[in-house]
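Participant: the following comprises the amino acid sequence and a computationally predicted model.
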Amino acid sequence: MKRAFYIGRFQPYHNGHQSVMERIAPLVDEIVIGVGSAQLSHEVNNPFTAGERLMMIAAALREIGVSYHAVPIEDLRRNALWVSHVYSMTPYFDVVYSNNPLVIRLFSESGKKVQTLPMYRRETLSGTEVRRRMLAGEDWRSLVPDPVAAVIDEIGGAERLRAISSSD
Ligand SMILES: Nc1ncnc2c1ncn2[C@@H]1O[C@H](COP(=O)(O)OP(=O)(O)OP(=O)(O)O)[C@@H](O)[C@H]1O
Ligand SMILES: NC(=O)c1ccc[n+]([C@@H]2O[C@H](COP(=O)(O)O)[C@@H](O)[C@H]2O)c1
């Protein structure tokens, strides 16, 4: 059984994340997905709860049909202990896929195999751009899988983000 680990904040889950999942899925038996900064929500840069992000991931991955475990992971103030913290919360995995320099450094130093993947249409596919468009009232739905847009609509995500932003 080969498992890959992929962590992100998924604020929200977008088509860049989906392209990463599609590329990893054929290479492994299961994907272990870390929902990072799980303690954060209701902030302009982190509007969604860990539970809401789990709903987005479930909706998106139903389309791919990959086996996965999604695990919320809260941040820890000590980077040197973070990899052990992740291990304590996740099923065993063989390889990490990430483009985050700190994540790459911490897992590499622990001896774990780390792979990077090329960014996919990064000029538009970022959580930052999806949130910017939600705030500006521009089209954000085309940047996320349709089932994720449905989840965000169901929880009133764009309205929440605008309300949080205007009370800042
Ligand atoms: N367009 C993309 N193509 C490939 N990988 C991506 C893309 N966008 C993000 N990633 C990668 O997915 C992982 C999780 O990213 P994250 O959830 O922080 O998304 P983000 O779009 O970078 O978010 P934000 O803009 O909110 O900081 C990281 O390793 C990140 O580099
Ligand atoms: N010390 C820590 O808590 C620590 C270290 C490295 C990464 N992380 C988390 O891992 C996730 C990485 O995801 P991104 O690639 O989306 O930034 C983030 O949620 C980040 O906060 C946490």
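Facilitator: Received, thanks. Ligands and ions are numbered 1, 2, ... in the order given.

Participant: which parts of this structure sit against ligand 2?
Facilitator: 7-9, 36-37, 75-76, 79, 82, 100, 102-103, 106 (Cβ under 6 Å from any ligand atom). C-beta coordinates here come from the backbone N, C-alpha and C atoms, glycine included.

Participant: now with 8 Å, please.
Facilitator: 7-10, 34, 36-38, 73-79, 81-82, 85, 98-100, 102-103, 106, 127 (Cβ under 8 Å from any ligand atom).

Participant: among the residues you listed, name the ones in strands.
Facilitator: Residues of the residues of the chain next to ligand 2 located in strands (DSSP state E): 7-8, 34.

Participant: report how many residues lie close to the residue in the chain that ligand 2 sits nearest to.
Facilitator: Closest to ligand 2 within the chain is residue 36: 2.3 Å, counting by Cβ to the nearest ligand atom. Residue 36 has 23 neighbours, counted by other Cβ atoms under 10 Å.

Participant: got phi/psi on it?
Facilitator: Main-chain torsions, residue 36, degrees, to the nearest 10: phi -80, psi 160.

Participant: so it touches residue 5, yeah?
Facilitator: No - the pair residue 36 / residue 5 is not scored as a contact, 11.3 Å apart, by Cβ atoms under 8 Å.

Participant: just the helices from the protein, written as ranges.
Facilitator: For the chain, the helices defined by DSSP state H cover 15-24, 50-64, 79-89, 101-109, 127-136, 146-154, 157-166.

Participant: would you list those in a markdown table and tack on mean neighbour count, distance to ligand 1 and mean pLDDT?
Facilitator: Converted to a markdown table, the helices of the chain look like this (neighbours: other Cβ atoms under 10 Å; distance: least, Cβ to the nearest ligand atom, whole Å; pLDDT from 0 to 100):
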| stretch | mean neighbour count | distance to ligand 1 | mean pLDDT |
| --- | --- | --- | --- |
| helix 15-24 | 19 | 2 | 97 |
| helix 50-64 | 20 | 9 | 97 |
| helix 79-89 | 14 | 14 | 98 |
| helix 101-109 | 15 | 7 | 98 |
| helix 127-136 | 18 | 3 | 98 |
| helix 146-154 | 18 | 13 | 98 |
| helix 157-166 | 16 | 12 | 97 |
